[in-house]
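Colleague: Provided below for reference: sequence and predicted model.
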Amino acid sequence: MVKKTIRDFDISSKRVIIRCDFNVPIKDGKIIDDNRIRQSLETIEYALSKKAKIILMSHLGRIKNEEDKKKNSLEIVGKRLSELLKYPVIFIDETRGEKLDKAISSMKDGDIILMQNTRYEDLEGKKESSCDLDLAKYWASLGDVFINDAFGTLHRAHASNVGISQFLPSGIGFLVGKELTALSSLFDPERPFLIILGGSKVSDKIGLIDHLITKCDKLLIGGGMAYTFLEAEGYSIGNSLVDRDSLEFCNKILKQYGNKIILPVDSYCSTSFTNDGPKNLRDINEIEYQEMGLDIGDKTVELFEKYLKDAKMVLWNGPLGVYEFDNYKKGTEAVLTFLSKSDAKTVVGGGDTAAVANELHLAEKLYHVSTGGGATLEYLEGKELPGLKNIEEV
Ligand code: AMP
């Protein structure tokens, strides 16, 4: 199934609605990581080169009250986008209404309009998030062609993606194309193919493990989720995080694929979930009952690198320790740095791991760093992404 892309439509002088994923992290009124805006540039620049009339849409955060509206206005995104494009972006502080209609009807070729956060429509009746078809029809009436380039929301059926694509000729943008190509390469991987999983909960990764365990050569597990596997193996893991509901799954998978699964052999432990508590390096069978493992230890880093050095492809999802604490981010950083220097094609499956890769400026040295979180996981689990359903095929 090959989906139509923006290249498959004649968009010159046409009104092109591009659904972007501008859901960037904002702190104290500032964008702290503009990667998602940067990743959208290629499609917008292409539409500009074709002299289309470009209407941009995105959600930002969640909108439950008037206070959320102030915090999550897309105005700041419009400014950053304009800086990156070196081109004017007209921001319209509305998701529907006279101001928006007028601005669009008076657009000239090559104009760019960014409309307000689509989730403003969630305040009354969750119209965006529940895919209200009247809203989708109205939004579709503003354009001639719809391009979905919001990879991070492909796993959601919202009015601004699935909805609009029911009423307009629809294709995907370059970012969605790039994501799908990179992620689908893992379904028929170059070998050895290794998967690294971390993060806190096993339950979030069960689908992915089930779908990819037969395809990978080794599965390296770190982060909080490793302790559930270690507990299932019979280790005393003290106060470390355990996802009790997933113990049975861990038992089953260890029994069936034990030879593929590599668990930590040591951990940096503390007696409190803080950055500044006591920090002890423990072999995995020496964790004391009041301690919790907060990062993989040095021997584990070495062990993981021993397997990774021959890898041809690597998929990584989830940090190997509590990377938010400076004292417990070293394992994640060490393995990421190792992979950035290796010839293996490393795909980072979005979320926290992508944030660390961007923070360390290592993203460009890796094969692919996904902009999605939930969408990436669902795609890798082999699920159909609702956001692609109405996109035309070539
Ligand atoms: P997830 O959302 O499941 O990918 O988990 C990401 C979170 O896992 C991050 O916020 C990390 O702080 C957390 N995490 C990683 N390692 C550990 C650990 N050893 N103990 C507790 N939480 C962890």
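Modeller: All right, it came through fine. Residues are numbered from 1 along each chain as shown.

Colleague: who in the stretch 251-394 of the chain is up against the ligand?
Modeller: 293-294, 318-319, 321-324, 351-352 (CB under 6 Å from any ligand atom). C-betas here are computed from N, CA, C, even on glycine.

Colleague: rank the residues you listed by pLDDT and give me only the lowest.
Modeller: pLDDT across those is lowest for Gly351, at 83.

Colleague: the residue nearest to that one when sequence neighbours are not counted: how many residues sit nearby?
Modeller: Nearest residue to Gly351, sequence neighbours excluded (CB to CB, 6 or more residues apart in numbering): Gly373, at 4.2 Å. When neighbours are defined as other CB atoms under 10 Å, Gly373 has 19 of them.

Colleague: could you do Asn161 as well?
Modeller: Look at Asn161: counted by other CB under 10 Å, it has 31 neighbours.

Colleague: could you do Leu263 as well?
Modeller: Look at Leu263: counted by other CB under 10 Å, it has 21 neighbours.

Colleague: how about stretch 166-186: buried residues?
Modeller: The neighbour-count criterion (16 or more other CB atoms under 10 Å) identifies 166-180, 182-183, 185-186 as the buried residues of stretch 166-186.

Colleague: which members of these additionally contact the ligand?
Modeller: Answer for the buried residues of stretch 166-186 near the ligand: none qualify (CB under 6 Å from any ligand atom).

Colleague: so which of the residues you listed are in strands?
Modeller: 170-172 (DSSP state E).

Colleague: any chance of those residues in a markdown table with pLDDT and distance to Met57 as columns?
Modeller: A markdown table is the format used below for those (pLDDT from 0 to 100; distance: CB to CB, whole Å):
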| residue | pLDDT | distance to Met57 |
| --- | --- | --- |
| Ser170 | 98 | 13 |
| Gly171 | 98 | 15 |
| Ile172 | 98 | 15 |
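
Colleague: look up the closest residue to the residue of the stretch 51-200 of the chain found nearest the ligand, ignoring the ones flanking it.
Modeller: Of all residues in the stretch 51-200 of the chain, the one sitting closest to the ligand is Gly199 (2.5 Å; CB to the nearest ligand atom). Once flanking residues are discounted, Gly199 sits nearest to Gly318: 2.8 Å by CB to CB, 6+ apart.

Colleague: phi, psi for that neighbour please.
Modeller: phi 100, psi 130 (degrees, to the nearest 10).

Colleague: check what pLDDT the closest residue to Ala344 other than its chain neighbours gets.
Modeller: Spatially, and ignoring its direct neighbours in sequence, Ala344 is nearest to Ala311 (4.2 Å; CB to CB, 6+ apart). Predicted confidence (pLDDT) for Ala311: 98.

Colleague: for the stretch 151-300 of the chain, what spans make up the strands?
Modeller: Assigned by DSSP state E, counting those that start in this stretch, the strands in the stretch 151-300 of the chain fall at 170-172, 193-197, 218-221, 261-262, 266-270, 280-283, 292-296.

Colleague: now do the phi/psi pair for the residue nearest to Ala344.
Modeller: Backbone torsions for Ala311, taken as degrees, to the nearest 10, come to phi -70, psi 150.

Colleague: now do Lys345
Modeller: Here the main-chain torsion angles of Lys345 (degrees, to the nearest 10) amount to phi -80, psi 110.

Colleague: re earlier: most tightly surrounded among the strands of the stretch 151-300 of the chain?
Modeller: Stretch with highest mean neighbour count among those: strand 292-296 (a mean of 28; mean count of other CB atoms under 10 Å).

Colleague: how far off centre is it?
Modeller: On the basis of CA atoms, centre = their mean, to the nearest Å, strand 292-296 sits 24 Å off its chain's mean C-alpha point.

Colleague: using CSV, list the CA coordinates for it.
Modeller: Output of strand 292-296 as CSV, limited to C-alpha atoms (Å, rounded to 0.1, in the frame of the first residue of the first chain):
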residue,chain,number,x,y,z
MET,A,292,15.8,0.9,44.1
GLY,A,293,17.7,0.7,40.8
LEU,A,294,17.7,4.0,39.0
ASP,A,295,20.2,3.4,36.2
ILE,A,296,22.0,0.5,34.5
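
Colleague: got a list of contacts for that strand?
Modeller: If you take CB atoms under 8 Å, 6 or more residues apart in numbering as the criterion, strand 292-296 is touched by 222-223, 226-227, 237-241, 264, 266-271, 273, 282, 287, 304, 320-322, 325, 327-332.

Colleague: which parts of the stretch 251-394 of the chain are helices?
Modeller: 298-308, 330-341, 351-359, 374-380 (DSSP state H, counting those that start in this stretch).

Colleague: what's the least confident stretch among those helices?
Modeller: Across the helices of the stretch 251-394 of the chain, helix 351-359 has the smallest mean pLDDT, namely a mean of 88.

Colleague: got the buried residues for that helix?
Modeller: In terms of neighbour count (16+ other CB under 10 Å), helix 351-359 has its buried residues at 351-358.

Colleague: appreciated, that's everything.
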